[in-house]
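>>> Sharing a model that was predicted from the sequence below.
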Amino acid sequence: MREDIARRWIADLESGPPQVKGVLTNEKGDCCLGRLCKLALQDGVRMSLRQVGEPEGTVTEYDGEYQLLPYAVQDWAGTATADGVADGKVMTTLNDKGASFADLAKFIRKHWQEL
């Protein structure tokens with residue numbers, strides 16, 4: 001992935017935003033990939049956003065995606081996959097199994113070139 005985007009993503013994750021599991025974004029917070037989507041929006045990446053009511057709450061879809069990176073974000077960030085694979089590990093799985101944003105920031109710092 002692009003180094004400048006990786007650095008911004010790391011700083012964002014380390015700033016302590018609320019973390020959720022299973023979706024990119026809901027009313028309680030974001031997963032690690034949801035934070036990357038929000039950075040893309042800040043940079044003017046155009047995506048359709050839609051709020052979808054789910055039994056567990058309201059979920060935000062980015063270009064129809066609610067669990068994986070939409071293509072617009074992958075293209076902007078230069079990521080190789082939609083779910084953040086590096087060193088044989090999947091960031092969505094790490095996030096959903098309890099890795100903190102601080103842990104994920106360390107993972108990105110170490111593996112950004114592979115992501």
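Perfect, thanks for sending it.
>>> list the contacts for the residue most central in space within the chain?
Closest residue to the average C-alpha location of the chain: Leu33 at 0.8 Å, with CA atoms, centre = their mean. By CB atoms under 8 Å, 6 or more residues apart in numbering, the contact set of Leu33 is Leu24, Leu68, Leu69, Asp83, Gly84, Met91, Thr92, Asn95. Just so you know, the C-beta spots here come from the backbone N, C-alpha and C atoms, and that holds for glycine as well.
>>> Tell me, please, the helix or strand in the protein that averages the lowest pLDDT.
Lowest mean confidence among the helices and strands of the chain (mean pLDDT, DSSP states H and E): strand 49-54, at a mean of 88.
>>> still on that earlier bit, now which of the contacts of Leu33 would you call buried?
Leu24, Leu68, Leu69, Gly84, Met91, Thr92, Asn95 (16 or more other CB atoms under 10 Å).
>>> how close does Phe101 sit to Gln19?
5 Å (CB to CB, to the nearest Å).
>>> Touching both of those two, which residues are there?
Common neighbours of Phe101 and Gln19 (CB under 8 Å, 6+ apart) are Cys32.
>>> any chance of the buried ones among the contacts of Leu33 in CSV, with pLDDT and distance to Ile108 too?
Formatted as CSV, these follow (pLDDT from 0 to 100; distance: CB to CB, whole Å):
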residue, pLDDT, distance to Ile108
Leu24, 97, 16
Leu68, 97, 17
Leu69, 98, 14
Gly84, 95, 8
Met91, 96, 8
Thr92, 96, 13
Asn95, 97, 12
